[in-house]
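**Q** build me a model:
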Amino acid sequence: MFKMMRNDLQVVMERDPAARNRWEVMINYPGLHAVWNHRSAHWLWRHGFKLTGRILSQISRFFTGIEIHPGATIGNGLFIDHGMGVVIGETAEVGDNVTLYHGVTLGGVSTEKGKRHPTIGDNVVIGAGAKVLGAITVGSGSRIGANSVVVRPVPANSVVVGVPGQVVVRSQSHTPEKSDLHHDRLPDTLGTAMASVMQRLELIENTLNIHMTVHEKGNGNGKRQHAGDGDYEEVIAAPHTPDHGRWRGEDFAI
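**A** Take a look at the predicted model:
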């Protein structure tokens, strides 16, 4: 037990640059307290003392703001950073060396008995506010972006972003044994796809000798006029393509 507690302290020291010493971590970190309390509640739950285990988990929830059902299975090295609002359901399974930020939910989507909460692999990082819902599996070495809503299985060594979560398989080298804490790095899958469509549309228009003149909204939207020499000019109100991920405010009247 003491060896496991020392390991938990070491995990916090390695993943939280704000942690100055083990005494400070042991006294002031609610995520650590929630994990320690859960181990006791989980032991009670497995040995038939379900009511006592549930009461202990609710006491822990009151003091830490973190709700872990005593039936949930938690691996070694779980780090809950800040932790307020974290919810882990009864049939959730969390692997080793997982990092959860505040507001994370490992929730169910069914009223049926049995497995209804997610299974999280090893070395997974789930960003602030993310929701992982249903009896799905998040593969080892993956990163869930902040505020993502994950409702489909995630292959190992992937990045998930958006609502609903879009899975992006890593193309750059990554060491799956190490936690990828950059849950702020969110690929703009929809924006990139839209920019690609607009670029391809422009190519088609050039091929068909159809030229667009962009006017302000409300002026000639959708009109087609002859431009001479067999060409046509399409008069529409269309936004510009984003420049390095930034759209122009005038295209959206903001």
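**Q** outside of stretch 23-32, which residues touch it?
**A** With contact meaning CB atoms under 8 Å, 6 or more residues apart in numbering, stretch 23-32 is reached by 8-9, 12-13, 16, 19, 63-66, 79-84, 86, 100. C-beta here means a position set from N, CA and C on the backbone, and glycine is covered the same way.
**Q** inside helices: which ones of these?
**A** Secondary structure from DSSP state H places 8-9, 12-13, 63-64 of these in helices.
**Q** that older thread, are any of the contacts of stretch 23-32 buried, and if so which?
**A** Listed as buried from the contacts of stretch 23-32 are 8-9, 12, 16, 19, 64-66, 79-83, 86, 100; burial here means 16 or more other CB atoms under 10 Å.
**Q** distance from stretch 22-34 to the middle of the chain?
**A** 25 Å (CA atoms, centre = their mean, to the nearest Å).
**Q** same check on stretch 114-134?
**A** The mean C-alpha position of stretch 114-134 is separated from the chain mean by 9 Å, CA atoms, centre = their mean.
**Q** and it, what's buried?
**A** Of all the residues in stretch 114-134, those buried under the rule 16+ other CB under 10 Å are 116-134.
**Q** before we move on, the earlier item: closest one to residue 111 out of the buried ones among the contacts of stretch 23-32, please.
**A** Taking CB to CB as the measure, residue 111 lies nearest residue 86 of those, at 22.6 Å.
**Q** okay, helices next: where are they in the stretch 101-250 of the chain?
**A** With DSSP state H, counting those that start in this stretch, the ranges of helices along the stretch 101-250 of the chain come out as 189-207.
**Q** low-confidence ranges, it, go.
**A** Applying pLDDT under 70 to the predicted model, the residue ranges of the stretch 101-250 of the chain that meet it are 171-185, 210-242, 244-245.
**Q** what ranges does it have for its strands?
**A** The residue ranges that make up the strands of the stretch 101-250 of the chain, judged by DSSP state E, counting those that start in this stretch, are 105-107, 119-120, 125-126, 131-133, 137-138, 143-144, 149-150, 158-161, 166-169, 210-214, 223-228, 231-236.
**Q** and the ones in helices among the contacts of stretch 23-32, which two are furthest apart?
**A** 13 and 63 (22.4 Å).
**Q** before we move on, the earlier item: so which of the ones in helices among the contacts of stretch 23-32 comes closest to residue 46?
**A** Of all those, residue 8 has the smallest distance to residue 46: 19.9 Å, by CB to CB.
**Q** how near is the closest one to residue 198?
**A** Counting by CB to CB, to the nearest Å, the separation of residue 8 from residue 198 is 50 Å.
**Q** if we can go back for a sec, let me know the closest of the ones in helices among the contacts of stretch 23-32 to residue 145.
**A** Checking the ones in helices among the contacts of stretch 23-32 against residue 145 by CB to CB gives residue 12 as the nearest, at 22.7 Å.
**Q** three-state assignment of the residue lying closest to that closest one once chain neighbours are set aside?
**A** Using CB to CB, 6 or more residues apart in numbering and skipping the chain neighbours, the partner closest in space to residue 12 is residue 25 (4.8 Å). The three-state label for residue 25, taken from DSSP: H, G, I helix; E, B strand; the rest coil, comes out as helix.
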